[in-house]
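*Asks:* here is my input; please provide its structure:
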Amino acid sequence: MLTESTSGFPDTVNQVGGRFRHWPWLAAILSGILLTLCFPRWDQAWLAWLALTPLIAAVWFGTKTQQDSGATSTDPTRWQRFRRFTRMPLARAFLLGMCSGLIFFWIVFYWLTNVTVVGWFLLAFPLAACIGIWAGFLKASQSVAGDFTRSGANLRLAFAGATAWTALEWARSLLGFGWNGLGVALHGNLVAGAGKDWRLPFMQITEYTGVSGLSFLLAFTNLIVVITAARFLAEAKNRRVRPHWDFNLTIALITAVFMFGIRTLWQPEQPGMPLRVATVQANIPQVQKFDRAFAQKIFDRYNSLTDFALAMSPQLLLWPEAATPGALFENNENFEFVDAVAKRTENFLLGTLDYDQDGHNYNIAALFTERGAALQTYRKIHLVPFGEFIPLRHSFPLFAWIVGEEVPSDFTPGNKYKLLQLSKPELKLASLICFEDTVGDLTRRFVKEGAQVLVNVTNDGWFKKSAGAEQHLAHAVFRAVENRRPLLRSANTGMTAFIAPTGKVIYSKAPFDEGFLFGEVSVPGADARQTFYTRHGEVFVKACALMSLAMAGLLFWRRR
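*Replies:* Residues are numbered from 1 along each chain as shown. Sure thing, here's the model as predicted:
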């Protein structure tokens, strides 16, 4: 049996691998499990600094080429050809990454089975392919480090791997579902009054880099951990130890990001305008929301909870996404019900549906001001694939078959980043609907237009009492930090909360509990500064993507 020598492969690992040749697959599975534990509802964020290390070790030290017994056959079977393919270093690395990715996405997104089991199963494959491509890139880049004993080469290898990971997370988002990027693990506490959290200082850097900056930092650290372990083994063998500038500089980078966050959190809060907000969480089950038989029950519940909320004299009343049993202007019953509430408060924002004369369906936010005398609407721009529309519904019917009757027709996206204007006080707000608060580039465009406060109206009732609602909030907190604007979330069920510009949850409703939430937030003035991220968007991740493409091209040219 022939084996390909692996540059810098420590003898100790070689011996273990020789005794137990399946260890790379177990290591890949372990990485998938560790990645899962970083996110709600397990929320073990400290694992994010180490979660990728088993996969990295498997790719670099467990991708040996072996010739099977059928290698000399003039007419190999399909199985023999497949075995040859899987034992090619790059192919094996890709499959190891796919293994980690499938384990991760199947577990962390298990809540999608509340909507579609087939869709949950199939969605994991394109998402896991991004991790597979990253693993292949790592294997192709391994020659950069040689024997792992040179700090400069090690830093170049870690930098290349971290930029590739960051770029591929962005690619996942372009596929339509970029949830649970590695940096999101550092989201801080999701419950008000939970005390100090070591993750909060790390979040502050995202006002420059977006959450991708944290993904880069974590991926870079994971790579340096494996490199340092390999270097110690190699130096122990050679009995020659050199300064580990690669490890030292990594610790310095982590410390600098943390200290920047501490300094930011210690700075006095900028003066702003106080805004009293009350939001209703009605917990209407998804099976009842649009069933006319439950319309009166829904009206009664909202009326009862709103009475309690208005007793606190809020300046802004919030109801969640799709709060009414039907479209707002569909019939007099819905509109009169909402209009009666609007007359009782100065500003009233809710999510609902709307249809136009051309037959287009819209998911909208409606703001009533001046006690119902004026109405403004915003049409949702970022629609959820397989939730609000079916990609290639007519040209590729398989997608529509997978989702079934859950999405019988497609919504039409809006095309304007429209701000809504409050009265008394006069403030401009961005109304983010459903998953729009998980999309950083979309959110920052509203702030760039002048939004002083972010509002998210959402309905996570599709996913029942699952981790989906908690993961949704974990993404949302970064929108507040990236743009330094408070974020107010009104959920039908799940996680209703008010978030400060530092990412700290200052008020929150008990998860999945019926009731209302009241609090006062400080809103920056119309002339408040805009962050680097607000002004320039995803510059950091785009730079990572360009560098990754350049490095991939260089590696391809060198292999040629």
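*Asks:* can you tell me the SS state at the spatially most central residue of the chain?
*Replies:* Central residue of the chain (C-alpha atoms, centre = their mean): W179, 3.1 Å from the mean position. For W179, the assignment made with DSSP: H, G, I helix; E, B strand; the rest coil gives coil.
*Asks:* got the contact list for it?
*Replies:* F109, T438, Q471, H475 (C-beta atoms under 8 Å, 6 or more residues apart in numbering). Glycine gets a C-beta too; all of them are placed from N, C-alpha and C.
*Asks:* does V455 sit in a helix or strand, and which one?
*Replies:* strand 453-458 (DSSP states H and E).
*Asks:* what's next to that strand, contact-wise?
*Replies:* 275, 318-321, 323, 349-351, 365, 427-437, 443, 446-447, 472, 476, 479-480, 483, 485-492, 494, 521, 523.
*Asks:* 6 Å instead?
*Replies:* Contacts to strand 453-458, defined as C-beta atoms under 6 Å, 6 or more residues apart in numbering, come from residues 320-321, 351, 365, 429-434, 437, 485-491, 523.
*Asks:* strand partners of it, parallel vs antiparallel please.
*Replies:* strand 428-433 (parallel), strand 487-491 (parallel) (DSSP bridges).
*Asks:* can you pull the contacts of L473?
*Replies:* Residues near L473 by C-beta under 6 Å, 6+ apart: L190, M495.
*Asks:* which strand or helix spans it?
*Replies:* Per DSSP H and E, L473 falls inside helix 467-483.
*Asks:* what's around A91, how many residues?
*Replies:* Using other C-beta atoms under 10 Å, A91 has 18 neighbouring residues.
*Asks:* do the same with the one 10 residues further on
*Replies:* Taking other C-beta under 10 Å as the neighbour definition, G101 ends up with a count of 28.
*Asks:* residue ranges with poor pLDDT in this structure?
*Replies:* Counting by pLDDT under 70, the chain has low-confidence residues at 1-19, 63-76, 78-87, 391-409, 559-560.
*Asks:* what residues go with each domain of it?
*Replies:* 11-68+77-266+540-559, 273-381+416-527 (automatic domain parsing).
*Asks:* can I get those domains in JSON lines with distance to D410?
*Replies:* Listed next are those as JSON lines, based on distance: least, C-beta to C-beta, whole Å:
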{"stretch": "domain 11-68+77-266+540-559", "distance to D410": "14"}
{"stretch": "domain 273-381+416-527", "distance to D410": "7"}
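*Asks:* nearest residue to V277 in space, please, no chain neighbours.
*Replies:* Counting by C-beta to C-beta, 6 or more residues apart in numbering, V277 lies nearest to L316, which is 4.9 Å off, once chain neighbours are set aside.
*Asks:* ok so, going back, can you redo the contacts of W179 as TSV with distance to R558 and neighbour count?
*Replies:* TSV is the format used below for these (distance: C-beta to C-beta, whole Å; neighbours: other C-beta atoms under 10 Å):
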residue	distance to R558	neighbour count
F109	37	23
T438	38	26
Q471	40	26
H475	38	20
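*Asks:* helix, strand or coil for E520?
*Replies:* Under three-state DSSP, E520 falls in the strand class.
*Asks:* partner residues bridging it?
*Replies:* Assessed by DSSP bridges, E520 has beta-bridge partners R276.
*Asks:* could you double-check that it sits in contact with R276?
*Replies:* Yes - the pair E520 / R276 is scored as a contact, 5.1 Å apart, by C-beta atoms under 6 Å.
*Asks:* and the gap between the residue nearest to the centre of the chain and V225?
*Replies:* Plainly put, W179 is 25 Å away from V225 if you go by C-beta to C-beta, to the nearest Å.
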